[in-house]
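Visitor: have a look; sequence and predicted model below, questions after that.
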Amino acid sequence: MMKNYTMTIGRKRNDRIKLIKKIVLFTLIFWGIVCLFKYLDNRDNKLMEINYCYDYNGEHYISPDSNCR
């Protein structure tokens with residue numbers, strides 16, 4: 001029985017392409033999740049940020065406040 005080598009080479013090539021597609025897809029999904037968590041963390045940090053300001057006597061207030069310089 002003769003083996004058709006062109007089909008074997010084509011199958012190996014297709015298997016490599018499928019593997020590369022899986023790796024790229026996994027990488028994109030992973031990177032997307034990382035970016036999503038970074039965005040959510042930055043948004044939470046902005047919401048929780050407290051800005052203080054000081055008047056001429058050294059008293060501090062949470063801005064915006066009418067006593068801020």
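Guide: Thanks, I have the structure now. Numbers count the residues shown, from 1 in each chain.
Visitor: contacts and neighbour counts: CA atoms only from here.
Guide: Fine.
Visitor: show me where pLDDT drops low in this structure?
Guide: For the chain, the stretches flagged by pLDDT under 70 are 1-6, 52, 54-55, 58-69.
Visitor: residue ranges for the helices of it, please.
Guide: Under the criterion DSSP state H, the chain contains helices at 5-48.
Visitor: how much space is there between residue 26 and residue 19?
Guide: For residue 26, the distance to residue 19 equals 11 Å [C-alpha to C-alpha, to the nearest Å].
Visitor: with residue 42 instead?
Guide: Residue 42 is 35 Å from residue 19, by C-alpha to C-alpha.
Visitor: and residue 13, by the same measure?
Guide: Using C-alpha to C-alpha, residue 13 is found at 10 Å from residue 19.
Visitor: go on, residue 49?
Guide: For residue 49 relative to residue 19 (C-alpha to C-alpha), the value is 45 Å.
Visitor: give me the more crowded residue out of the two.
Guide: Using other C-alpha atoms under 10 Å, the more surrounded residue of residue 49 and residue 19 is residue 19, with 12 against 9.
Visitor: tell me who's in contact with the more buried one.
Guide: If a contact means C-alpha atoms under 8 Å, 6 or more residues apart in numbering, then residue 19 has no contacts.
Visitor: repeat for residue 24
Guide: When the contact criterion is C-alpha under 8 Å, 6+ apart, residue 24 has no partners at all.
Visitor: same thing but 10 Å
Guide: Applying C-alpha atoms under 10 Å, 6 or more residues apart in numbering, we find residue 24 in contact with 18, 30.
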